[in-house]
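1. The amino acid sequence is not available; the structure is as follows:
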């Protein structure tokens, strides 16, 4: 994740009931860092509210603006309420972009996109990239009502019956098992609430490696650690070794040791604290890496993941 920059709101648009789109630009004008479908930025909130991650949902070809969609959650931690209070010209501190939900369409490949509610934000750019690449695709879009579903009219207008709409207030519920069964060869990209993610994951057990990609809003439920004891972590670049007790995270311990480690969500959903693994077995407990990436053992999220053995070495 790259360093902080301050942008300003160029336009504020109501996209659906409770959803606002903010177009962020440099105050002095000019280009922003490039991004690809699936990317997100960190928004650094004032007043000790911390950071939040928001998917970029605009057009990657428009390099002077980053667009985010924000669902207002009055019972949340205050971040979305603050962002809904912003208007044209207001400053927004951001970091990024970063991408742990990357989409690179291939011509002729079949894709199934599944979005729940505000989960449409990363999916929107993927749909358009798939169309431009000449790929075969369908979109399953579920929400509480059509009025709460951002980009719905746009997607239906542009793509018609390739968009399957399931609005809860109309009594329409997506049969995930059936929908995925109709596209057994498709590569699946899904973003939405936990219940939808879990259903898609459960229905995709037979799909080949690399054919299921998920982005979660919330950290997945975790069981007991694989190695339920304290362990040592050698920090290769820092030249020190720290001991991580059962009740603390690697991130907390390395910060206490004075080692700079980037972080944001601290619950394993954003990917900011990702570090390379040099040696040792890791108990991956994040909600970012795919099962295949976890099996590869290339990197780990030190805010939640732990050693699965007495000692590991990481590049930090």
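-> Everything's here; your move. These numbers were taken from a predicted model, which means no experiment stands behind them.

2. Please point out which parts of the longest helix belonging to the chain sit buried.
-> Counting residues, the longest helix found in the chain (DSSP state H) is helix 120-133. With burial defined by 16 or more other CB atoms under 10 Å, the residues of helix 120-133 counted as buried are 120, 121, 122, 123, 124, 125, 126, 127, 128, 129, 130, 133. In short, each C-beta sits where N, CA and C put it, glycine included.

3. List the strands paired with the next helix-or-strand element following it, with their directions.
-> Counting by DSSP states H and E, the element after helix 120-133 in chain order, helix or strand, is strand 136-143. In the sheet, strand 136-143 lines up against strand 110-116 (parallel), strand 163-167 (parallel) (DSSP bridges).

4. now for the helix or strand following strand 136-143, which elements pack on it?
-> Next helix or strand after strand 136-143 toward the C-terminus (DSSP H and E): helix 152-159. Under the contact criterion of 3 or more CB pairs under 8 Å, 6 or more residues apart in numbering; DSSP states H and E, helix 152-159 touches helix 120-133, strand 136-143, strand 163-167.

5. Which elements pack onto the first one?
-> Translated: helix 120-133. Other elements packing on helix 120-133 under the criterion 3+ CB pairs under 8 Å, 6+ apart are strand 50-55, strand 66-71, strand 110-116, strand 136-143, helix 152-159, strand 187-192.

6. Recalculate using a threshold of 6 Å.
-> Secondary structure elements in contact with helix 120-133, counted by 3 or more CB pairs under 6 Å, 6 or more residues apart in numbering; DSSP states H and E, are strand 110-116, strand 187-192.

7. between that helix and strand 187-192, how big is the angle?
-> Here the directions of helix 120-133 and strand 187-192 differ by 150 degrees (axes from the mean of the first three to the mean of the last three CA atoms, to 10 degrees).

8. Next: the last one.
-> Here the directions of strand 163-167 and strand 187-192 differ by 30 degrees (the same axes, to 10 degrees).

9. and strand 163-167, which residues are buried?
-> By neighbour count on 16+ other CB under 10 Å, the buried set for strand 163-167 is 163, 165, 166, 167.

10. How far does it sit from its chain's centre?
-> 22 Å (CA atoms, centre = their mean, to the nearest Å).

11. Pull the residues that contact the helix or strand just after it.
-> Later in the chain than strand 163-167, the nearest helix or strand by DSSP H and E is helix 176-181. Helix 176-181 has contacts (CB atoms under 6 Å, 6 or more residues apart in numbering) with 140, 199, 200, 203.

12. OK, contacts around residue 263?
-> Residue 263 touches 251, 272, 273, 303, counting by CB under 6 Å, 6+ apart.

13. Can you classify the second one as helix, strand or coil?
-> Using DSSP: H, G, I helix; E, B strand; the rest coil, the secondary structure recorded for residue 272 is coil.

14. Find the nearest non-adjacent residue to it, please.
-> Nearest non-adjacent residue to residue 272, counting by CB to CB, 6 or more residues apart in numbering: residue 264, 4.0 Å away.

15. wait, doesn't the one you found sit right on residue 274?
-> No. At 10.9 Å, residue 264 does not count as touching residue 274 under the criterion of CB atoms under 6 Å.

16. So which residues of the stretch 201-316 of the chain form strands?
-> Along the stretch 201-316 of the chain, counting by DSSP state E, counting those that start in this stretch, strands occupy 212-216, 231-235, 240-244, 274-279, 282-283, 299-301, 306-307, 311-314.

17. Out of those strands, which one sits most buried?
-> Of all those, strand 299-301 has the most neighbours on average by mean count of other CB atoms under 10 Å, namely a mean of 26.

18. re the thing from before, present the strands of the stretch 201-316 of the chain as CSV; the columns should include mean pLDDT and distance to residue 8.
-> Putting the strands of the stretch 201-316 of the chain into CSV (pLDDT from 0 to 100; distance: least, CB to CB, whole Å) gives the following:
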stretch, mean pLDDT, distance to residue 8
strand 212-216, 94, 27
strand 231-235, 98, 38
strand 240-244, 97, 41
strand 274-279, 97, 29
strand 282-283, 97, 41
strand 299-301, 97, 32
strand 306-307, 97, 41
strand 311-314, 98, 38
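
19. Across the sheet, point out what pairs with the closest residue to residue 90 other than its chain neighbours.
-> Counting by CB to CB, 6+ apart, residue 9 is the residue found nearest to residue 90 once chain neighbours are left out, at 5.0 Å. Beta-bridge partners recorded for residue 9 (DSSP bridges): residue 24.
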